[in-house]
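J.: sequence and predicted structure, then a few things I'm wondering about:
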Amino acid sequence: MSSQRTERTDGNEHGEPKPIVSLTMGDPGGIGAEVIVAAYPELIEHARIVVVGDQEVLAAAAELRATDAQIETRSVRSAAEANDDPGTVAVLDLDNVDELVYGAVRKEYGKASLEYVERAIELALNSEIDAIATAPINKSATRLAGAEHAGHTGLLAERTGVSEYSMLLIEGPLRVTHVSTHVPLREAISLVTTDRVVSIVKVTDDALRELGIDSPTIAVAGLNPHAGEGGLLGSEDGEEIAPAVKRAREKGIDAEGPISPDTVYVRAASGEFDCVVSMYHDQGHIPIKTLGFGEGSAVSGVNMTIGLPIIRTSVDHGTAFDIAGEGIASSKSMIDAVRVASEAARDS
């Protein structure tokens, strides 16, 4: 994709060409369209933007967030028409929303949000765009629509044909990846195997290097309290995680662990480690979201899928049905997601 970018004439303050980032609109009944519109003036500082979604839903969001500098929407036929015009959002209009109802779980909304993601993946695989940044989907709605995956990550992995991948969360100084995400806790424990932990540590190391960290330091969290306390509080840390760390170090990766999960995130946030490999969803998400809560209605932070042949980032919050349509959702996470996607695209 880098050769494609060098052919473009638009640039930023450093004289570099702006990458094309496609934003998927997310669930029409959620806050996705709203945060895209609210973030747009800052998004175009980093990239040329094209939204894959429904133009009428975006237009309704623009009215919700109306300012003196009103943003309009414009339907385009290809990603090449992405722009950084501060007054106009370019939309690849899939026209798949018949009725807009905020805060509702609907099968048709789940189907629409999946179609946005699949179109963006197609554009990325065809090198028509440089990166994807996704607004939130609603898992209940996508399940009603027949989705086989709990969220974006599994769908992205399937469509790009990869088996070794992970979710990377970024919030300020803290980065976190996961051995498992959207599975029940009993199943998550069973997924903590030496082979899987080694795989995630390797994917994490590769991603950190691609993000410009030349010699990453990776902490591997324990599964049990106090990382098993020498076997007194569980056997998985000694039998599965410790051998995985040893194998990772033999591969030349600067990994340490298992480290007690009640201290490892504080140590990483203070700069001791570049990333923490977490054993399951909430173990990694809780510290990230604790750091990320601030002003506004949504958690800031960035979710990046690593191990893919394409670049994908996302907001680190949900559809927020409880405030959808009120015009108050925070756009900070969307701004950060596009910034990280743009930086990754320039470095690729």
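T.: Ah, there it is. For clarity, every value in this text was computed on a predicted model and none was experimentally measured.
J.: alpha carbons only for contacts and neighbour counts from here, please
T.: Will do.
J.: show me where the protein dips below the pLDDT cut-off.
T.: 1-15, 67-69, 293-300 (pLDDT under 70).
J.: which parts of it are helices?
T.: Secondary structure of the chain (DSSP state H): helices at 2-6, 32-43, 55-64, 107-125, 139-144, 152-160, 185-190, 194-210, 236, 242-250, 264-269, 281-292, 332-347.
J.: and the fourth one, how far out from the chain middle?
T.: Offset of helix 107-125 from its chain centre (C-alpha atoms, centre = their mean, to the nearest Å): 15 Å.
J.: any buried residues in that helix, and which?
T.: Using 16 or more other C-alpha atoms under 10 Å as the test for burial, helix 107-125 gives 108-121, 123-125.
J.: got the angle between that helix and helix 152-160?
T.: Angle, helix 107-125 to helix 152-160, by axes from the mean of the first three to the mean of the last three C-alpha atoms, to 10 degrees: 50 degrees.
J.: quick check, residue 287 in contact with residue 265.
T.: Yes. Residue 287 is within contact range of residue 265, at 6.9 Å (criterion: C-alpha atoms under 8 Å).
J.: between those two, which has more neighbouring residues?
T.: residue 265 (28 against 17; other C-alpha atoms under 10 Å).
J.: check contacts around the more buried one.
T.: 174, 276, 287 (C-alpha atoms under 8 Å, 6 or more residues apart in numbering).
J.: cutoff 10 Å now
T.: Contacts here follow C-alpha atoms under 10 Å, 6 or more residues apart in numbering; on that basis residue 265 touches 174-176, 219, 221, 259, 271-273, 275-278, 283-284, 286-288.
J.: please apply the same query to residue 165.
T.: 153-154, 156-157, 177-179, 199-200, 202-204, 207, 305-308.
J.: just the buried subset of those, please.
T.: Looks like the contacts of residue 165 have 153-154, 156-157, 177-179, 199-200, 202-204, 207, 305-308 buried, using 16+ other C-alpha under 10 Å.
J.: in space, what's closest to residue 55 - neighbours in sequence excluded?
T.: residue 93 (5.4 Å; C-alpha to C-alpha, 6 or more residues apart in numbering).
J.: right, and that neighbour touches residue 77 too?
T.: Yes. Here residue 93 reaches residue 77: they are 8.1 Å apart, a contact under C-alpha atoms under 10 Å.
J.: which one's more surrounded, those two?
T.: residue 93 (20 against 11).
J.: that one pairs with what?
T.: On the basis of DSSP bridges, residue 93 is bridged to residue 53.
J.: which residues are in contact with it?
T.: If you count contacts by C-alpha under 10 Å, 6+ apart, then residue 93 has 51-58, 74-78, 116 around it.
J.: which two from those end up farthest apart in space?
T.: Greatest spatial distance among the contacts of residue 93 (C-alpha to C-alpha): 57 and 78, at 19.0 Å.
J.: neighbour count winner among these two?
T.: Higher neighbour count among residue 57 and residue 78: residue 57, with 22 against 14, using other C-alpha under 10 Å.
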